[in-house]
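*Asks:* Let's see this in three dimensions:
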Amino acid sequence: MLEGLPPHRPTHVLRLDTNERAARAMTDLIGEVFDPTETAVAAFEAEDGRTWHLEAYFSEEPDEEGVRELIRPIVGDAADEAVFAAIDQQDWVRASLEGLKPVRAGRILVHGSHDRGRVQPNDLPIEIEAALAFGTGHHGTTLGCLLALVDEVKRRRPQRVLDVGTGTGILGLAAARLLHSRVIAGDLDPEAVATARTNAAFNGLANLMAFYEAPGLRHPLARVARGYDLVFANILARPLRGLAPSLARAVATDGTLILSGLIPRDVPGVLSAYAAQGFRLRRRRLIEGWATLELRRGGAAARPR
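*Replies:* Residues are numbered from 1 along each chain as shown. Below you'll find the model as predicted:
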């Protein structure tokens, strides 16, 4: 599980081994306290099935004692065992490569240059430069959204697509590659927008992509009433709840809304916020502890989980 978008140039990392309960609690706490565009925290289960590894990445040197005191109510004296380390450029690129494992959804393959050999003749590849890979979200949220895109295209071919909180641009790029349609993508982080533009140009998709820098849908490109057949918002639960009215206005009458960045306990509150806007759950996916929701305006009941 992961909270926040890892900074594109992380400078420091916190590492601590703990149990699942504490790892999940610290993930939530650090995700709430720190700016999600400047800090990210991830927790992963170790091979022994008991230990959980917690890693928090910071774009600037953190107040180590302050962070220890923040997590002390959760882990007690183990807070003193937390290891803080600086990340040099070489280590950062190595970590980027390690995190950039190929991700497949149907014919879509997201990969790094080091995995070009895995691209098959019928694939629709999206290549992400290693130096821009950190924060691509190669985990359950990205895969869940890509699988939802593939499902949507089996039913129909959306012509107008919006990607809110685009990050490095993977979802928008995948939609453009698969649909050969114009995609609008935005993010509040100027560096994320610059990275997404670079990735679009690198993949030969710049002519199909238009980017904006603004929070949510606060930009003329995004603020088009009932203007989009397909809308992605892969962010976090709190902003998703707050964006419910504006996202609902953007989705066409028969359009689809794909939401992710949610852990299971977030799902009821998010569904309630969108039910108030006339949306119903069509399908829910749970991948690596992350939920992805496919919503339709007054749509069918959820499929069995």
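*Asks:* Thought residue 164 was touching residue 186, still the case?
*Replies:* Yes. Using CB atoms under 8 Å, residue 186 is in contact with residue 164, at 6.2 Å. All C-beta spots, glycine's among them, are computed from the backbone N, C-alpha and C.
*Asks:* Which one's more surrounded, these two?
*Replies:* residue 164 (30 against 25; other CB atoms under 10 Å).
*Asks:* three-state assignment of the nearest residue in space to the more buried one that is not next to it in sequence?
*Replies:* For residue 164, ignoring the flanking residues on the chain, the nearest one in space by CB to CB, 6 or more residues apart in numbering is residue 233 at 4.4 Å. At residue 233 the chain is in strand, as set by DSSP: H, G, I helix; E, B strand; the rest coil.
*Asks:* Now for residue 233, how many residues are close by?
*Replies:* For residue 233, using other CB under 10 Å, the count is 26.
*Asks:* what's the answer for residue 64, then?
*Replies:* 13.
*Asks:* wait, what's in contact with it?
*Replies:* residue 84 (CB atoms under 8 Å, 6 or more residues apart in numbering).
*Asks:* measure it to residue 58 for me?
*Replies:* Relative to residue 58, residue 64 is positioned 10 Å away (CB to CB, to the nearest Å).
*Asks:* can you check residue 182 too?
*Replies:* According to CB to CB, residue 182 and residue 58 sit 36 Å apart.
*Asks:* Between those two, which has more neighbouring residues?
*Replies:* Between residue 182 and residue 58, counting by other CB under 10 Å, residue 58 is the more crowded of the two (23 against 14).
*Asks:* Which residue, neighbours along the chain excluded, lies closest to that one?
*Replies:* residue 12 (4.6 Å).
*Asks:* Show me what the one you found is bridged to.
*Replies:* Taking DSSP bridges as the rule, residue 12 bridges to residue 58, residue 86.
*Asks:* Do I have it right that it meets residue 63?
*Replies:* No. Judged on CB under 8 Å, residue 12 makes no contact with residue 63 at a distance of 10.8 Å.
*Asks:* These two: which is more packed in?
*Replies:* Legend: neighbour count by other CB under 10 Å for residue 12 and residue 63, higher for residue 12 (18 against 11).
*Asks:* Quick one: residues contacting that one.
*Replies:* By CB under 8 Å, 6+ apart, the neighbours of residue 12 are 57, 58, 60, 61, 62, 84, 85, 86, 87.
*Asks:* Please tabulate these in JSON lines and include pLDDT and distance to residue 221 as additional columns.
*Replies:* Formatted as JSON lines, the contacts of residue 12 follow (pLDDT from 0 to 100; distance: CB to CB, whole Å):
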{"residue": "57", "pLDDT": "85", "distance to residue 221": "30"}
{"residue": "58", "pLDDT": "88", "distance to residue 221": "32"}
{"residue": "60", "pLDDT": "88", "distance to residue 221": "31"}
{"residue": "61", "pLDDT": "92", "distance to residue 221": "36"}
{"residue": "62", "pLDDT": "93", "distance to residue 221": "35"}
{"residue": "84", "pLDDT": "96", "distance to residue 221": "40"}
{"residue": "85", "pLDDT": "90", "distance to residue 221": "40"}
{"residue": "86", "pLDDT": "88", "distance to residue 221": "39"}
{"residue": "87", "pLDDT": "78", "distance to residue 221": "35"}
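*Asks:* Show me the two of the residues you listed that sit farthest apart.
*Replies:* Across the contacts of residue 12, the longest distance by CB to CB is 14.2 Å; it joins 60 and 85.
*Asks:* for this structure, which strand is longest?
*Replies:* strand 251-262 (DSSP state E).
*Asks:* can you give me the helices in the stretch 201-305 of the chain?
*Replies:* Remark: helices assigned in the stretch 201-305 of the chain by DSSP state H, counting those that start in this stretch are 237-242, 244-250, 267-275.
*Asks:* where exactly do the strands run in the stretch 151-300 of the chain?
*Replies:* Applying DSSP state E, counting those that start in this stretch to the stretch 151-300 of the chain gives strands spanning 161-164, 183-187, 209-213, 228-234, 251-262, 279-287, 290-297.
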